[in-house]
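**Q** with the sequence up front, the predicted model follows.
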Amino acid sequence: MRSGKLNPARGPGLAARWGRLREDFIRWVTRRHHADGRRARVSRDRVYILPTRQGYMLLLILLVMLLGSINYSNNMAFLLTFLIVGIGHNAMWYTHRNLLGLKATVLPVKPVFAGTAPVLSLRLEETDGRPREALQLAAGAKAGPPAYVEAQASAEIAIVLEPRPRGSYRLPRQRLSTRYPLGLLEAWTWLTLDSEVLVYPVPIPAASAPAAAAAGDGEAATVPDATDAIPDEIRDYRPGDAPNRIAWKAVARSGRLFVRDSSAGEAAPTWLDWDAIQGSDPEYRLSVLCHWVLEAHASGQPFGLRLPGQRLGPDTGPAHLGHCLRALALFGRPGSRPA
């Protein structure tokens, strides 16, 4: 005898199949659209419009009103029915025009650490001389709040994406929609604005690491600490110097910014080495190296990074920090994957 219980796997399986069918249908509909790159303009052939749930309900009511008007030959009922139809038709024109001609530009997505949700921001520009209201941006399963763009102006609209593991991703397809002015119809357009979403490893504190990094040719070294730097002279502050090296007593006496110039620059730079970390889990090693890189950058001392098959020479500054974190994010994952 068959059991009356439902298979719990049927629900998610059906939802997954429906999601795949929906994506295939969207790709078929938008196959004639070219890739947008970092900037796009909403033209007539990219705007789609359909009634909302309230719109379909109004259509049903109008159908009943029309049948009643025909049955009773009531001129006032005919007048009211066609008056509402005219209002709905005018609302369709306004809804379609609210998207037409908008220019959208994707802003750079700030890199995040694994487990943190990245933020997608678009700049919407209005050049036709009329305000745009009730604009909503969606990407994947995430949707943002309604936005407003003034005439001959621009506005930024942001949406929080889903957290991702370590790696590099492309932006998911974006959907810009509006239900202005009555909410009876929804007009939308599909955008494929492109920007990289870079996700760094989660930094693990160095205290949890069983071993420190190794220095240059067989010379042992520990993770750099800003308190170990011994100043031997004072020089003028330069942009990029670590704040913890500012000589505050000299600043108080002269009113100018001075920093302590350490003699560590003459010594061998610190190397953060993959092989200096015990453990077989690559993600654990990358997380420890990520923490070491952040500490080394905060100390202001030159440091280098050694990974299997890759070596980043010793340097300082935000650019070197970005290169090291990017190498950790992309290690073992060449190329980009769709988000």
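**A** All right, it came through fine.
**Q** what about residue 311, which SS state?
**A** Secondary structure, DSSP: H, G, I helix; E, B strand; the rest coil: residue 311 is strand.
**Q** how about the nearest residue to residue 306, chain neighbours excluded?
**A** residue 273 (4.5 Å; Cβ to Cβ, 6 or more residues apart in numbering). Bear in mind the C-beta positions are built from the backbone N, C-alpha and C, glycine included.
**Q** to clarify, my last question referred to residue 38.
**A** residue 106 (5.3 Å).
**Q** mind listing the helices for this protein?
**A** Assigned by DSSP state H, the helices in the chain fall at 10-29, 53-72, 75-97, 248-254, 282-299, 318-330.
**Q** kindly format the C-alpha coordinates of the fifth one as CSV.
**A** In other words, helix 282-299. What follows is helix 282-299 as a C-alpha-only set of coordinates in CSV (Å, rounded to 0.1, in the frame of the first residue of the first chain):
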residue,chain,number,x,y,z
PRO,A,282,44.2,25.2,1.7
GLU,A,283,41.4,27.4,2.9
TYR,A,284,42.9,27.5,6.4
ARG,A,285,46.3,28.5,5.1
LEU,A,286,44.8,31.2,2.9
SER,A,287,42.9,32.6,5.9
VAL,A,288,46.0,32.8,8.0
LEU,A,289,48.0,34.4,5.2
CYS,A,290,45.1,36.9,4.7
HIS,A,291,45.4,37.9,8.4
TRP,A,292,49.2,38.1,8.2
VAL,A,293,48.9,40.3,5.1
LEU,A,294,46.6,42.7,6.9
GLU,A,295,48.9,42.9,9.9
ALA,A,296,51.9,43.5,7.8
HIS,A,297,50.2,46.3,5.9
ALA,A,298,49.1,47.9,9.1
SER,A,299,52.7,47.8,10.5
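**Q** before we move on, the earlier item: need the helices of the chain in TSV (columns: mean pLDDT, mean neighbour count and distance to residue 153).
**A** Shown next, in TSV, are those (pLDDT from 0 to 100; neighbours: other Cβ atoms under 10 Å; distance: least, Cβ to Cβ, whole Å):
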stretch	mean pLDDT	mean neighbour count	distance to residue 153
helix 10-29	74	10	31
helix 53-72	94	13	30
helix 75-97	93	14	17
helix 248-254	72	11	43
helix 282-299	89	22	39
helix 318-330	92	17	33
